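Visitor: Turn this into a structure:
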Amino acid sequence: MFNIQTHKINHQALENQLNRLTCIYCNESEYIQIIRISQPKSAFFEKTVFPNQCIQFAASGDDLLEVLESVMASSVHADTIPCSQLSVTKSIDRNLNLTILKEADRVLQEVFAIAA
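Guide: Numbers count the residues shown, from 1 in each chain. Here you go, the predicted model:
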């Protein structure tokens, strides 16, 4: 009678997404900088940041942002900053959010089972 398809939530993907931080880096120097996050588990992130420019990006709390300054056709390693220090997201209880999402998934599964 009803053609109801259940959609399963990928909890691992949700956990990864909830563990991402929204970060902002501002180049306050007078030089062009290249920022990068290299992560073996995820994609490679690299951006050029001009003086007085700010860049917003998402990163894990344990990622490191490498800052390279471009001086006279070469780049010099200027700094390495933990992304947790660049985070603009409020410290929310990510475990609570994940618990709420799992409970919502369970309730939806029950509703679909009753309707079927």
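Visitor: mind showing which ranges of this structure have poor pLDDT?
Guide: Confidence mapping of the chain against pLDDT under 70 gives the ranges 1-19, 39-43, 73-74, 89-101, 104, 107-108, 111-116.
Visitor: could you redo the last one with a cut-off of 90?
Guide: 1-24, 31, 37-45, 57-65, 70-116 (pLDDT under 90).
Visitor: now the helices: where do they sit in this structure?
Guide: Counting by DSSP state H, one finds helices in the chain at the ranges 11-18, 94-115.
Visitor: Look up phi and psi at the residue nearest to S70 when sequence neighbours are not counted.
Guide: Setting aside the residues directly before and after it, S70 is nearest to I32 in space (Cβ to Cβ, 6 or more residues apart in numbering), at 4.5 Å. No exception for glycine: its C-beta is placed from N, CA and C like everyone else's. Main-chain torsions, I32, degrees, to the nearest 10: phi -70, psi 130.
Visitor: how many other residues sit next to I32?
Guide: 16 (other Cβ atoms under 10 Å).
Visitor: show me what contacts it?
Guide: 48-51, 69-70 (Cβ atoms under 8 Å, 6 or more residues apart in numbering).
Visitor: Can you show me the strands along the chain?
Guide: Ranges of strands within the chain are 20-26, 33-37, 45-49, 54-60, 64-71, 74-82, based on DSSP state E.
Visitor: Name the stretch among the ones you listed that sits most buried.
Guide: Highest mean neighbour count of the strands of the chain: strand 33-37, a mean of 18 (counted as mean count of other Cβ atoms under 10 Å).
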